[in-house]
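Peer 1: Based on what follows, work out the 3D shape:
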Amino acid sequence: MDVLESLKALLAPPLEKAGYELAGLTLSRDKEGLTLHLSVDRDAPISLDDIVKVSDLINPLLDRADPIAEPYTLDVSSLGAEKPLRLDKLEHYAGRYVALHLSQPYQGENSLEGDLVEVNPADLLLRVRYKTKVKEIRLKRVVIDKANLAIKF
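Peer 2: Predicted coordinates for the structure are as follows:
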């Protein structure tokens, strides 16, 4: 088992128990030295306090296991304000502003942004703004191939 696999095995269970998902784990070297990058996710927004909580949770685990043979910096982050969404979890984001990429265009558009009004097993309702009008669009879930949280301007 390589270092990253052993780190995932060490860190994922306690993170899940605390309500987070280990979304990414990389080890990189630059002129500053070695850095362990860890990103976490959950359905609810992640605050700076959450990042501190995650750091406080995993630091003792890393210190005890000592999985990396040389000094390193720990970098903990979230997936960000425009994080990718799992398509099977879209219902968790009802009421949020999202960007959707479609495998089959809707009225010539492959990408749509709007408020996710409702999500059902077969389809969803998206409230979009076209110039000065607001329109609700019902889309089949099977035509959505990517989804992200988006920032409303």
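
Peer 1: Could you use CA atoms for every contact and neighbour count after this?
Peer 2: Will do.

Peer 1: and residue 82, how far is that from residue 68?
Peer 2: To residue 68, residue 82 is 31 Å away according to C-alpha to C-alpha, to the nearest Å.

Peer 1: Output the below-cut-off pLDDT ranges for the chain.
Peer 2: Along the chain, the model assigns pLDDT under 70 to residues 1.

Peer 1: ranges for the strands of the protein?
Peer 2: Along the chain, counting by DSSP state E, strands occupy 21-30, 33-41, 72-78, 97-106, 109-119, 123-130, 133-140, 144-149.

Peer 1: Now render these as a markdown table, adding distance to residue 6.
Peer 2: As requested, the strands of the chain are exported to a markdown table (distance: least, C-alpha to C-alpha, whole Å):
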| stretch | distance to residue 6 |
| --- | --- |
| strand 21-30 | 11 |
| strand 33-41 | 13 |
| strand 72-78 | 16 |
| strand 97-106 | 35 |
| strand 109-119 | 37 |
| strand 123-130 | 39 |
| strand 133-140 | 40 |
| strand 144-149 | 30 |
